[in-house]
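> Build me a model:
(chains A and B)
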Amino acid sequence: MRVEYMPDGIFLPDIGLWLDPDVPVPAAWISHAHSDHARGVHDTVIVTAITAQLYRHRWPVPPGRTQQVFPLNPNESMEWNGATLTARRAAHILGAAQLLVEYQGERLLYTGDIKRRTPICGWPTDPTPCDHLIIESTFALPIYQFLEVAEAQARIANFASECLAGGITPVFQGYGLGRGQEIAHTLALHGIPCRIHGAIAALIPYFEAQGYSFPRESENGAILLTPNAADQVGIPPSKRKSALVSGWAALDNARSRANVDVLIPYSDHADLSELLTLVAECAPRQVDIVHGYAEPLARILRNRGYSARAALVAMEVQI
Amino acid sequence: MDQLAAAAERVAATSSRNEKIAHIADYLQTLNDADLARAVLYLSGSPYPASDPRKLTVGYATLRTALEEVTRWDPETLSVCYREVGDSGETIAHLCRPITKAEPLSLGQAEEFFELLQRTRLTRSKIDLLIRIYQTYSAPSIKFFVKTITGNLRIGLQEKMVEEAVALATGQPAEAVRAANNRAGNIAKVALAARHNQLLGIEAALFHPLDFMLAQPLDQIAELEDPAQWYAEDKYDGIRSQLHVDNGRVKLYTRGLEETTAAFPEIILAFTNLAGPVILDGEILSFKDGRALPFHQFQQRIARKKVTQKTIDEIPVVFLAYDILMCRGEMVVDQPIERRRALLEGLSLPHLSGQTPVDSHGHIEDLFLAARARGNEGLVLKKRGSVYESGRRGANWLKVKKPFATLDVVVTAAEQGHGRRAGVLSDVTFAVRDGERFLNIGKAYSGLTDEEIKEMTRIFRAGTIERYAGGRVQLVKPQVVLEVAFDGMQKSPRHKSGYALRFPRIVRWRHDKTPGEIDTLDRVRELFEKA
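Numbers count the residues shown, from 1 in each chain, chains lettered A, B, ... in the order given. Model (predicted):
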């Protein structure tokens, strides 16, 4: 099956399907609801039910337009232009999924954004053997090593409790969808109150619907902001400390880049060891690498005997 | 080393100076004497005290070769890792974490390893030793062991703060610890003395540079309140230096506390017979026919790697003394300036800076003009009765200089900074305009706020034309206009413009100007001619 890497996204010309395109297209698979993957209103979308809700929240269909939504939940399959599409769970954010495309006896797996460890909020990854793997590489260097979930949660809670015990306000930075809710849920599990930025709070109902708890609001608790809002916290520097919960927090230079005190290396992406595990579990004949350290990961995989290459725009691949 | 690493991480995790010092002080209190001595050294970023002439000759390449062999990562992957992390110790620790036995490393063991690395001559043996360390000890220990080798912990901790932590941990006044360390150049010895209440017994160590006393700028002579309280001396355009003499042994140190003895053999010769121990403060100048040569001529002498007799004949140098810190073995920094001057004159040195008591603003103005006419930079005013304040830029010394014009320039290339600025493009190369072309004229590192550097980095990253030097340096679209100040200008083949600025520094970001409005090469020529 042919795969085309286009400026606007990945295209499967044999079955007329785009994977996470940047611009409106006739038909798209959306792996998850982050806005660099789910953007624009496509005529037809194939998504998990949870991603459909989050995507709809962020990209309402404008009046006068219609959009056909095919819900495809994990381990459900559907026929599409001669191919069988199957959703497989992806550990990333709530609702994230991989897409398995079976076409003329060949198995193509598109992971979307993914990790191998289980997330705080979300489901685990379903390892899926395939012939042709398209995988991300956001943190595909050996310097990135992330915490186990329990350890990350313990550090989040300890940082908050220690600050509060010392009369200091703990400030967290988290993205509007995913990390923000994971931090808030972790604080709730430890009974730590928290004021939450509107962009993060707006999506909490979708998480509550999946059974996650959230902390009560209090003036004397933690503060959770989106990175863009982090400068507007309104508390003097001597009265607050801030933590970055992110894959970038694996490196000390994140401290000055993000202007934070404490680094907690936890990500919704895979670190290199997770990526190597994932690739081994997929056992593909060909690996195409997108998003991130694509060239370095391709080299690392080739040194391990895989046929791997960085997927560049305007490249067409067929195996 | 594990506890030191934990303390260092606590230091890194706060931006408050006081908290950093408190974390170090808490840690130092838990240590026995031997470990206290080691810890303060390593926290200051060196396995040896400043006054110790030993050097640990373990270069970046050696550290990296050992890493490559032990982790089996290919060179390209390692290069990307180094670039992203921006610090050897941290990179090595990350990459060793999955393979090391993670045993704790005691400070005593660390000292033994530094010793072995120092004594081992063969690079191969150093690599083997490093491999053993990388395979055996915990990642945090490796991180700070290597950072001690590379000489910068990058946790926002300067030696001055270690001194304050020693003071806090031992209950001694910070000033006393500071002064003792300045005298002895040995923070380990000072920490022990502080703990055992013996700071006063710390003697000055010859052949270890003391901090220089610095002068504050005085913009307008008329601003000076009581002119009759001051002495005036010419301000020379040379290399500020400290000269140590004892028993035929002579050494020179710069303001950066680097030793420069080998570059100036005729000075060494001239002072060999001086009865020591003596420490002088003064200026190295190229002196010909009774007056100092301009700096750009003198600079040709500094640029020479090897000093030949021909060089010495063409551009002879002298040490012009203007203060004395130690006289016949006795520290005299706490003596008033008049007493120090008398001691200095008593040495009958061949070159001594003139000192004139002044009585009025007009008098200073005359002296300033006379100094400029002699080709000197201006004046240094020294307060009557003042002591020598080592390491301070206090109000007792004032410098009067003619300020140079500033230039508006555009940034043409940006480079990743170091340490705290490893993640941003803080080092910039800039150019002036010549018609349609931009010609580089210099490079600057500081003068902007962190916020400005961050914003500039975003602009540079978006406007990158080409990367080289492994991605560290990026040629950028000329769009960011800066105003730069500088202390002088000279002809230079190094930059396309044909000129180089002396001590360029960024004054401010000219958001209001476009690259089309910056200063031209003609303007540069005009400034050069005037100077």
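> what secondary structure does the residue in the stretch 101-250 of chain A positioned nearest to chain B sit in?
Residue nearest to chain B within the stretch 101-250 of chain A: residue A:143 (4.3 Å; CB to the nearest CB). All C-beta spots, glycine's among them, are computed from the backbone N, C-alpha and C. Three-state assignment for residue A:143 (DSSP: H, G, I helix; E, B strand; the rest coil): coil.
> which residues sit against stretch B:417-424?
Counting by CB atoms under 8 Å, 6 or more residues apart in numbering or on different chains, the neighbours of stretch B:417-424 from elsewhere in the structure are A:253-254, A:256-257, B:85-87, B:152, B:154, B:156, B:416, B:425-427, B:445, B:453-454, B:457.
> go with 10 Å
Residues from elsewhere that reach stretch B:417-424 (CB atoms under 10 Å, 6 or more residues apart in numbering or on different chains): A:248, A:251-258, B:83-87, B:90, B:152-156, B:414, B:416, B:425-428, B:445-446, B:450, B:453-458, B:460-461, B:472.
> so where's chain B uncertain?
In the predicted model, chain B carries pLDDT under 70 at residues B:290, B:296, B:303-305, B:402-405, B:419-420, B:446-447, B:469-470, B:530-531.
> Run the contact check for the helix or strand harbouring residue B:132 versus chain A.
According to DSSP states H and E, residue B:132 maps onto helix B:123-136. No - residues of helix B:123-136 contacting chain A under CB under 10 Å from any CB of the partner chain: none, with a closest distance of 13.7 Å.
> buried stuff in that helix?
Residues of helix B:123-136 classed as buried by neighbour count (16 or more other CB atoms under 10 Å in any protein chain shown): B:126, B:127, B:129, B:130, B:133, B:134, B:135, B:136.
> next one: stretch B:359-374
By 16+ other CB under 10 Å, the buried positions in stretch B:359-374 come out as B:363, B:364, B:367, B:368, B:371, B:372.
> Quick check: the second one touching residue B:226?
It refers to residue B:364. No - applying CB atoms under 10 Å, one finds residue B:364 not in contact with residue B:226, separated by 11.7 Å.
> is it true that residue B:499 touches residue B:431?
No - counting by CB under 10 Å, residue B:499 stays clear of residue B:431, with 11.1 Å between them.
> hey, what's in contact with both of the two?
Residues touching both residue B:499 and residue B:431 by CB under 10 Å, 6+ apart: B:439, B:440, B:441, B:442, B:521.
> Name the nearest of those relative to residue B:13.
residue B:442 (36.7 Å; CB to CB).
> In which helix or strand does the closest one reside?
Element membership for residue B:442, per DSSP H and E: strand B:437-444.
> give me the subset of the shared contacts of residue B:499 and residue B:431 touching chain A.
Within those, nothing lies near chain A by CB under 10 Å from any CB.
> quick one: the closest residue to residue A:185 other than its chain neighbours and residue A:202, what's the gap?
Using CB to CB, 6 or more residues apart in numbering or on different chains and skipping residues adjacent in sequence, the residue nearest residue A:185 is residue A:212, 4.9 Å away. Relative to residue A:202, residue A:212 is positioned 15 Å away (CB to CB, to the nearest Å).
> Comparing these two, which shows the higher neighbour count?
For residue A:212 versus residue A:202, neighbours defined as other CB atoms under 10 Å in any protein chain shown are more numerous around residue A:212 (19 against 14).
> So the more buried one, which state does it fall into?
coil.
> these two touch, right, it and residue A:183?
No - Residue A:212 is beyond contact range of residue A:183, at 11.8 Å (criterion: CB under 10 Å).
> Return every residue with contacts to both of the two.
Shared contacts of residue A:212 and residue A:183 (CB under 10 Å, 6+ apart): A:120, A:121.
> Now, the buried residues of stretch B:359-374 that are in helices?
B:363, B:364, B:367, B:368, B:371, B:372 (DSSP state H).
> Please produce CSV containing these, extended by distance to chain A.
Formatted as CSV, these follow (distance: CB to the nearest CB, whole Å):
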residue, distance to chain A
B:363, 49
B:364, 44
B:367, 47
B:368, 43
B:371, 44
B:372, 43
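> What segments of the stretch 1-150 of chain A are strands?
Taking DSSP state E, counting those that start in this stretch, the strands of the stretch 1-150 of chain A run over residues A:2-6, A:9-12, A:17-19, A:27-29, A:44-47, A:68-71, A:77-80, A:83-89, A:97-103, A:106-110, A:132-137.
> Pipe these into CSV and attach mean neighbour count, mean pLDDT and distance to residue B:141 per row.
Shown next, in CSV, are these (neighbours: other CB atoms under 10 Å in any protein chain shown; pLDDT from 0 to 100; distance: least, CB to CB, whole Å):
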stretch, mean neighbour count, mean pLDDT, distance to residue B:141
strand A:2-6, 18, 93, 44
strand A:9-12, 20, 94, 45
strand A:17-19, 23, 97, 45
strand A:27-29, 24, 97, 48
strand A:44-47, 23, 97, 48
strand A:68-71, 14, 96, 53
strand A:77-80, 13, 97, 52
strand A:83-89, 20, 98, 40
strand A:97-103, 24, 98, 40
strand A:106-110, 22, 98, 41
strand A:132-137, 25, 96, 31
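> Out of the ones you listed, which gets nearest to chain B?
strand A:132-137 (11.7 Å).
> Note down every partner strand of the closest one and its orientation.
Strand pairing for strand A:132-137, determined by DSSP bridges: strand A:106-110 (parallel), strand A:286-292 (parallel).
> How far away from the center of its chain is the last one?
Taking CA atoms, centre = their mean, to the nearest Å, the mean C-alpha location of strand A:286-292 is offset from the chain mean by 16 Å.
> For the stretch 151-300 of chain A, what lies in contact range of chain B?
A:159, A:231, A:237-238, A:241, A:243, A:248, A:250-263, A:272-273, A:293, A:295-297, A:299-300.
> circling back to that earlier point, looking at the shared contacts of residue B:499 and residue B:431, which is nearest chain A?
Distance ranking of these against chain A, using CB to the nearest CB, places residue B:442 first at 25.4 Å.
> and the closest one, how many neighbours does it have?
Residue B:442 has 25 nearby residues by other CB under 10 Å.
> quick one, what contacts it?
Counting by CB under 10 Å, 6+ apart, residue B:442 makes contact with B:407, B:409, B:428-432, B:484, B:486, B:489, B:492, B:494-495, B:497, B:499-505.
> what does residue A:77 give?
A:84, A:85, A:86, A:87, A:100, A:102.
> Could you measure from it over to residue A:106?
Residue A:77 is 16 Å from residue A:106, by CB to CB.
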